[in-house]
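Enquirer: need coordinates for the below:
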Amino acid sequence: MYIQALGNISPQTDFNQLPQKVDYTSNHLKAIDADITEFVNPNIARRMGRIIKMGVAAAMASMKEAGLEKPDAITMGTAYGCLEDTGVFLKKLVEQNETMLTPTNFIQSTHNTVSGQIALLLKTHCYNNTFVHRGFSFESALQDAIMLMNENDAAHVLVGAADEITDASHKILSRFDLYKNNVANSEELFSQHTKGTIAGEGSVFFMMNKKSSEKDYAILKDVTTFYKPIGNHAITDRINKLLSSNGLSINDIDVVINGKNGDVQNDRVYEQLEENIFSGKTSITYKQWCGEFPTSSAYALWLAANIAKHQQLPADKTNRSIKHILVYNHYQNIHHSLQLVTAC
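Expert: Presented below is the predicted three-dimensional model:
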């Protein structure tokens, strides 16, 4: 699939370019509020939750850049769904003793609300599917788009992901020791070597095209997922299998984007690969910018597409020769995924 256009709402000021660093001093990275009045009537926008605004802003930005009015299909992934509206509805359910409840929060609490709102705004009745597969949610959306194109059911597919963290969900997840207690600076995430990471959120959408064009960012050559691999040998085998099926070897990879998140136990998987199959490779991280959440791999693909197009690494103005980029991420060492990106 050719990545024709993209839109990104994240904790960084990087709407459609390489990350412009914003440092945080907490274990909760909040996405910068999106101004969607360019795409949506202010009266409608006022009733939207944060995740809906993030998703709509990212999707509409990619549609605008692609110069398309309507896609042939919409696929997206989310693990948490609309947590804010869900929380508001449940709170009112308890406080009002299950009586006199307004339906708005319930309607906007379902996981497919974001993709539904996008379809309503675009006035399209095309194929529309939201995947809720925890750490595989975004990858499932990508694989669905690939199948649609291979079966000639769609030529232009809007693919994306969106997840949010609320104060309530952050407190609940913190009880499982998922997040660090003391974060002096988000850029120092990997220097502490302690348990836990930092929470993140955001939305990224891509306009995928079956045919190439002059304005393409990159080519998504392949994507694969695997569940609870036993040992690093199993991961290495999956990497080699992905590359060989695309006529490549590890020697052809110019940049590896890995999903390190600062958790000493989860990062050990990446460190062992860096000592073996990724030894000598240019390897960069991305979760110091967006934080950790189940669909953060969408941010990694956004980063890979920009690197491929601009032939530069973040915070490095040196021009490089970058052809093949491999994105490897795992979520809590359960959901593992690989994405192969090639420059046009």
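
Enquirer: report the distance from stretch 260-271 to the chain centre.
Expert: Here stretch 260-271 is found 19 Å from its chain centre; the criterion is Cα atoms, centre = their mean, to the nearest Å.

Enquirer: pull out the buried positions in that stretch.
Expert: 260-263, 266-267, 269-270 (16 or more other Cβ atoms under 10 Å). All C-beta atoms are positioned from the backbone trio N, CA, C, and that covers glycine.

Enquirer: residues contacting the closest residue to residue 287 other than its chain neighbours?
Expert: Using Cβ to Cβ, 6 or more residues apart in numbering and skipping the chain neighbours, the partner closest in space to residue 287 is residue 261 (4.7 Å). Residue 261 is in contact with 189, 197-198, 267, 287, 292, counting by Cβ atoms under 8 Å, 6 or more residues apart in numbering.

Enquirer: if we only consider those, which is nearest to residue 319?
Expert: residue 287 (25.9 Å; Cβ to Cβ).

Enquirer: near the closest one, how many other residues are there?
Expert: Applying other Cβ atoms under 10 Å, we find 25 residues neighbouring residue 287.

Enquirer: next one: the one 5 residues further on
Expert: If you count neighbours by other Cβ under 10 Å, residue 292 ends up with 26.

Enquirer: try residue 100
Expert: 7.

Enquirer: so it, which of the three states?
Expert: Secondary structure state of residue 100, per DSSP: H, G, I helix; E, B strand; the rest coil, is coil.

Enquirer: tell me where the stretch 201-344 of the chain has strands.
Expert: With strands called from DSSP state E, counting those that start in this stretch, the stretch 201-344 of the chain shows them at 202-209, 218-227, 255-258, 282-285, 324-331, 335-343.

Enquirer: residue 187 against residue 288, yeah?
Expert: Yes. Using Cβ atoms under 8 Å, residue 187 makes contact with residue 288 at a distance of 5.8 Å.

Enquirer: these two: which is more packed in?
Expert: Shown here are residue 187 and residue 288; by other Cβ under 10 Å, residue 288 has more neighbours (24 against 13).

Enquirer: wait, the more buried one touches residue 189, no?
Expert: Yes. If you go by Cβ under 8 Å, residue 288 and residue 189 touch, sitting 4.7 Å apart.

Enquirer: need the residues touching each of these two.
Expert: Joint contacts of residue 288 and residue 189 (Cβ under 8 Å, 6+ apart) are residue 262.

Enquirer: span of stretch 103-121 from start to end?
Expert: One end of stretch 103-121 to the other measures 20 Å (Cα to Cα, to the nearest Å).

Enquirer: contacts for it, please.
Expert: Contacts of stretch 103-121 (Cβ under 8 Å, 6+ apart): 39-40, 47-49, 51-52, 55-56, 59-60, 74-76, 78, 81-82, 85-86, 88-89, 92, 125-126, 128-130, 132, 158, 162, 203.

Enquirer: for residue 130, give its distance to residue 33.
Expert: Distance, residue 130 to residue 33, by Cβ to Cβ, to the nearest Å: 23 Å.

Enquirer: more neighbours, the two?
Expert: Neighbour count, other Cβ under 10 Å: between residue 130 and residue 33, residue 130 has more, with 23 against 11.

Enquirer: what residues are up against the most centrally placed residue in the chain?
Expert: Nearest to the geometric centre of the chain sits residue 298, at 2.3 Å (Cα atoms, centre = their mean). By Cβ under 8 Å, 6+ apart, the residues touching residue 298 are 77, 138, 160-161, 202-204.

Enquirer: can you give me the buried ones in the lowest-mean-pLDDT helix or strand in the chain?
Expert: Least confident element among the helices and strands of the chain, by mean pLDDT, DSSP states H and E: helix 104-107 (a mean of 83). Within helix 104-107, the residues scored as buried using 16+ other Cβ under 10 Å are 105-106.

Enquirer: tell me how many other residues surround residue 318.
Expert: Counted by other Cβ under 10 Å, the residues lying close to residue 318 total 7.

Enquirer: surely it and residue 282 touch.
Expert: No. The criterion here is Cβ under 8 Å, and residue 318 misses it with residue 282 at 11.7 Å.

Enquirer: picking up where we left off before, would TSV of the contacts of residue 298 with neighbour count be doable?
Expert: Formatted as TSV, the contacts of residue 298 follow (neighbours: other Cβ atoms under 10 Å):
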residue	neighbour count
77	30
138	34
160	31
161	34
202	31
203	31
204	31
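
Enquirer: looking at those, which two lie furthest apart in space?
Expert: Farthest-apart pair in the contacts of residue 298 is 77 and 202; separation 12.7 Å (Cβ to Cβ).

Enquirer: strands along the stretch 1-150 of the chain, start to end?
Expert: With DSSP E, counting those that start in this stretch as the criterion, the stretch 1-150 of the chain has strands at 2-9, 73-77, 127-131.

Enquirer: nearest to residue 168, of the contacts of residue 298?
Expert: For those, the nearest to residue 168 is residue 202 (18.7 Å; Cβ to Cβ).

Enquirer: which non-adjacent residue is nearest that closest one?
Expert: residue 10 (4.0 Å).

Enquirer: okay, now that neighbour: neighbour count?
Expert: The burial count for residue 10: 28, using other Cβ under 10 Å.

Enquirer: hmm, residue 149 and residue 210 touching each other?
Expert: Yes. Between residue 210 and residue 149 there is a contact at 4.7 Å, judged by Cβ under 8 Å.
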